[in-house]
Every structure is written in structure tokens, then in C-alpha cells.
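Trainee: What would the 3D arrangement of this be:
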Amino acid sequence: MAESPKITIDDVEYNYDDLTEKQKNIIGNMRYAANKISELNMDLSQYEAAMITYKLMLEKEANATSKDNS
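Mentor: Residues are numbered from 1 along each chain as shown. You can find the predicted model right below:
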């Protein structure tokens, strides 16, 4: 027989199969929230990288424009 998965919260270990349905639902919600936070952090990193690229593009364009006006 397979051993029940363990859940550790604040250094206290619980057998997943021993939890109530409400507790299991709460853990599911916590997992969903953690995954969403991870996705949002990835989105944030991508937008920050885009902003750096746009800044470099703007600087390059501004330098080209000032050379054309010289």
C-alpha cells in the first residue's frame, strides 16, 4: 500500500489522507495561489526585460536622430 503524501506547514508534518476535505481544499487554494504568484513573477520578469529593451532602442534612436541633425 502506498504511503500517504506528507504536507509540511510551519515545520509541522501532516498526512494528506488524514486531512478533512475542507483542509484539502484550502491546500488546493494555497497551491493555486502559489502557482499564480509564480506565473505573475515570470510575467513581471518578461515585462522588465521588455522595458530594458525599449529603453535601449529609444537611446539608439535618439543618438541616431541627434547625429542626423548635426
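Trainee: Could you identify the helix or strand that succeeds the lowest-mean-pLDDT helix or strand in the chain?
Mentor: When the helices and strands of the chain are scored by mean pLDDT, DSSP states H and E, strand 6-9 comes last with a mean of 91. Next helix or strand after strand 6-9 toward the C-terminus (DSSP states H and E): strand 12-15.
Trainee: And the pLDDT at residue 1?
Mentor: On the pLDDT scale, residue 1 is placed at 63.
Trainee: Run through the neighbouring helices and strands of the least confident helix or strand of the chain.
Mentor: strand 12-15 (3 or more Cβ pairs under 8 Å, 6 or more residues apart in numbering; DSSP states H and E). All C-beta atoms are positioned from the backbone trio N, CA, C, and that covers glycine.
Trainee: what comes into contact with the strand it packs on?
Mentor: The contact list for strand 12-15 (Cβ atoms under 8 Å, 6 or more residues apart in numbering) reads 4-8.
Trainee: Name the member of those with the most neighbours.
Mentor: residue 7 (16 neighbours; other Cβ atoms under 10 Å).
Trainee: nearest to residue 21, of the contacts of strand 12-15?
Mentor: residue 7 (14.2 Å; Cβ to Cβ).
Trainee: Appreciated, that's everything.
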